[in-house]
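1. all I have is the shape, not the residue letters:
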């Protein structure tokens, strides 16, 4: 009996110690005078039901942001750590641009990627090494380089249209219903394969190709992945000791082999192909040249290795595979529900098509289409590809507005969140934010938008935004030119309420009905 009492007492002491440890950091936001909700022990303010797909997370994010209307900053606890959410546009510009040197680094995935090849990717690098890599990669993403890669993307768009035409020909009806998440994931897969890995893959014909299958499994957010990410955040040393990683190394190795074999073949056979591997190999050669040129102080530069090159290819894969497919799903969903917008867009597209007189669409024609640009911008406004972005404060600073009044005191180690999705749906930033209105981005109304952050903000914004826009516009041009996009029987009418968890996908998928314009 005495033994059981001792065991019970020890267990009680452990529970008390665990509780004390779990709430030990929960006084930070109160001490800093930042508005927040009362946290739960260990999980903080994380909506656990949302993580497992039980509540509409995006809707909840909008409501949270509106709840603190009038406050430039609000806070929440993610597990044991405090985060500061910035909702004031002037403060966001201070953090992202004017005082960037105090907020150079991302924080979010640092622990989870520390032992992965992705720790060498642009999104994970920190301080001087990030600046170096950004400077190395920037020339690969200029307008002239995008023009070189345009034909590869255009070819994928044409294959996507051909696939729908074939389905319409096989159908006994004049229309077909398609689940667009699968369709656009295959399109994005083919673009990433050809642009970033030098492979020509038609995922519409070869439905179960290895590149697509492995890519899908890597990009899926499973319940176990969520648990591992949480454990990494709570117990980073233990997870490192146990060698438990969020990403599947075997599948990462598949892409590593692809890149290494491709580079070796091109070097041995002097093959030049207008894709990302070629541009990164050029960047590597330029860095080697700089290292030999002492007049450029190149002795202070780091080498650009094959691992660095692979890490960037993998980053482009993750960014392109999921983000592009989701953005296209949301945009075409809005077009099918807003027939007036689609009709006006079709008029512009048809006009350009007739000007071309049978010639293929060119990069220059594509980027000069004003209404297409407005439609895409509004799609990215209402459904930004990244729902938030983060920064980590590297040294204390008082952030003051133009009037000189202190708006927020950031301290070293603070994790700053910029809730892009919530800000794009805030009536303070956009009138009637839930409506789909491309006219917001007309030349005479551009000053109305206080905040537009689909690709982040400042020097650490998305380096591939030109490529993303080219990819989105290319396939939208082809689809609207050839088909009417109509609501299907399974089309969700209220996406905000129907999207549960962090998968950014309605429960029944993204359904559209296609009807040939001919």
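-> Right, received. Where do you want to start? Bear in mind that the values here come from a model prediction, so they are computed numbers and not experimental data.
2. quick one: contacts for residue 434?
-> Shown in contact with residue 434 (CB atoms under 8 Å, 6 or more residues apart in numbering): 382, 425, 496. Every residue, glycine included, has its C-beta placed from N, CA and C.
3. helix or strand with the lowest mean pLDDT in the chain?
-> In the chain, the helix or strand scored least confidently by mean pLDDT, DSSP states H and E is helix 110-113, which has a mean of 46.
4. shaky segments in the stretch 301-450 of the chain?
-> Residue ranges of the stretch 301-450 of the chain with pLDDT under 70: 301-302, 447-450.
5. in a markdown table: the contacts of residue 434, plus secondary structure.
-> Formatted as a markdown table, those follow (DSSP: H, G, I helix; E, B strand; the rest coil):
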| residue | secondary structure |
| --- | --- |
| 382 | helix |
| 425 | coil |
| 496 | helix |
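6. among these, who's most crowded?
-> residue 425 (24 neighbours; other CB atoms under 10 Å).
7. all helices for the stretch 201-350 of the chain, in order.
-> For the stretch 201-350 of the chain, the helices defined by DSSP state H, counting those that start in this stretch cover 210-219, 223-234, 236-242, 249-269, 276-292, 306-318, 325-337, 339-356.
8. and the second one, average pLDDT?
-> To tie it back to what came earlier, the one meant is helix 223-234. Mean per-residue pLDDT for helix 223-234: 61.
9. number of nearby residues for residue 405?
-> The number of residues packed near residue 405 is 7, by other CB under 10 Å.
10. what are the buried residues along the helix or strand just after the least confident helix or strand of the chain?
-> Next along the chain after helix 110-113, taking DSSP states H and E as the criterion, comes helix 127-137. By 16 or more other CB atoms under 10 Å, the buried positions in helix 127-137 come out as 130, 132, 133, 136, 137.
11. list just the nearest of those to residue 505.
-> Nearest to residue 505 out of these is residue 137 (CB to CB; 30.5 Å).
12. returning to what we had before: kindly reformat the buried residues of helix 127-137 as JSON lines containing pLDDT.
-> Compiled in JSON lines, these are given as follows (pLDDT from 0 to 100):
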{"residue": "130", "pLDDT": "92"}
{"residue": "132", "pLDDT": "88"}
{"residue": "133", "pLDDT": "88"}
{"residue": "136", "pLDDT": "84"}
{"residue": "137", "pLDDT": "86"}
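13. export these to JSON lines and tack on distance to residue 386?
-> Shown next, in JSON lines, are the buried residues of helix 127-137 (distance: CB to CB, whole Å):
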{"residue": "130", "distance to residue 386": "18"}
{"residue": "132", "distance to residue 386": "24"}
{"residue": "133", "distance to residue 386": "20"}
{"residue": "136", "distance to residue 386": "23"}
{"residue": "137", "distance to residue 386": "19"}
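14. correct me if wrong: residue 161 contacts residue 477.
-> No - counting by CB atoms under 8 Å, residue 161 does not reach residue 477; the two are 9.8 Å apart.
15. the more surrounded of these two?
-> Taking neighbours as other CB under 10 Å, residue 161 and residue 477 compare with residue 477 leading, 23 against 16.
16. coming back round to it: right, so of the helices of the stretch 201-350 of the chain, which gets closest to residue 40?
-> Closest to residue 40 of these, according to CB to CB: helix 223-234, at 13.7 Å.
17. okay, and for the stretch 1-150 of the chain, where does confidence drop off?
-> In the stretch 1-150 of the chain, residues with pLDDT under 70: 1-2, 49-53, 108-116.
18. ranges for the strands of it?
-> Assigned by DSSP state E, counting those that start in this stretch, the stretch 1-150 of the chain shows strands spanning 73-78, 81-86.
19. got the buried residues for the last one?
-> Within strand 81-86, the residues that qualify as buried are 82, 83, 84, 85, 86, counting by 16+ other CB under 10 Å.
20. next one: the second one from residue 414, what distance?
-> Going back to what we said before, that points to residue 83. Counting by CB to CB, to the nearest Å, the gap from residue 83 to residue 414 is 8 Å.
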